[in-house]
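[1] Sequence and computational prediction follow.
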Amino acid sequence: MVIGSTHLDNCSIEKYVPIYLVVSGLAPLMFSGLSCRGNGDVETCCQLICGCFGFLFSFIWLICGTAWVYPTYGVVMSKDFKVCKLNETTGCSHGDCDKSLLRFAFAMVTIDWLLIAMWIGLIAWLIYKDNK
């Protein structure tokens, strides 16, 4: 969240990369604050709905982040990446992005996908274990 907010104007090639980091840092805080407290059936239902909505939002946001971060990372980190200057228009890019911002965003997206894969594996193992 902090890195995204400090680099909001440092990624002209893909303006959504820093926004992705800010929102993905704020989303867990928002959804944890929306969950209901209590022991009744209504509170349990509310927690389930908030949890499902939070997971769905985070999953869709991760897909969007992947679409923004991975292609940008590939372009900016390539050895032949060059920003267009003055009248130069061929063999260059019409935008730039802070490399530390891109490295961090790339790492966060990759870690999020790994965590989702681990959760899916754990759930599948638990279902398999219970049905055996």
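    Good, I have the coordinates.
[2] pLDDT score for W68?
    We have a pLDDT of 96 for W68.
[3] from here on, count from 29
    OK, 29 is where the count begins now, so the last one is W96.
[4] Now do the residue lying closest to it once chain neighbours are set aside: how many residues are near it, please.
    In space, and not counting its chain neighbours, W96 is closest to Y44: 4.6 Å by CB to CB, 6 or more residues apart in numbering. Every residue, glycine included, has its C-beta placed from N, CA and C. A count of nearby residues for Y44, using other CB atoms under 10 Å, gives 15.
[5] Could I get the full set of helices for this protein?
    With DSSP state H, the ranges of helices along the chain come out as 30-34, 44-62, 69-104, 127-159.
[6] Let me have those helices in TSV, adding distance to T117 as columns.
    What follows is the helices of the chain, written out as TSV (distance: least, CB to CB, whole Å):
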stretch	distance to T117
helix 30-34	30
helix 44-62	24
helix 69-104	16
helix 127-159	23
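[7] Output the below-cut-off pLDDT ranges for the chain.
    By pLDDT under 70, the weakly predicted segments of the chain are 61-71.
[8] closest one to E116 among the helices of the chain?
    Closest to E116 of these, according to CB to CB: helix 69-104, at 16.8 Å.
[9] Which strands or helices does the closest one pack on?
    The contact analysis (3 or more CB pairs under 8 Å, 6 or more residues apart in numbering; DSSP states H and E) places helix 69-104 against helix 44-62, helix 127-159.
[10] got the buried residues for it?
    74, 78, 82, 86, 90, 93-94, 96-97, 100-101, 103-104 (16 or more other CB atoms under 10 Å).
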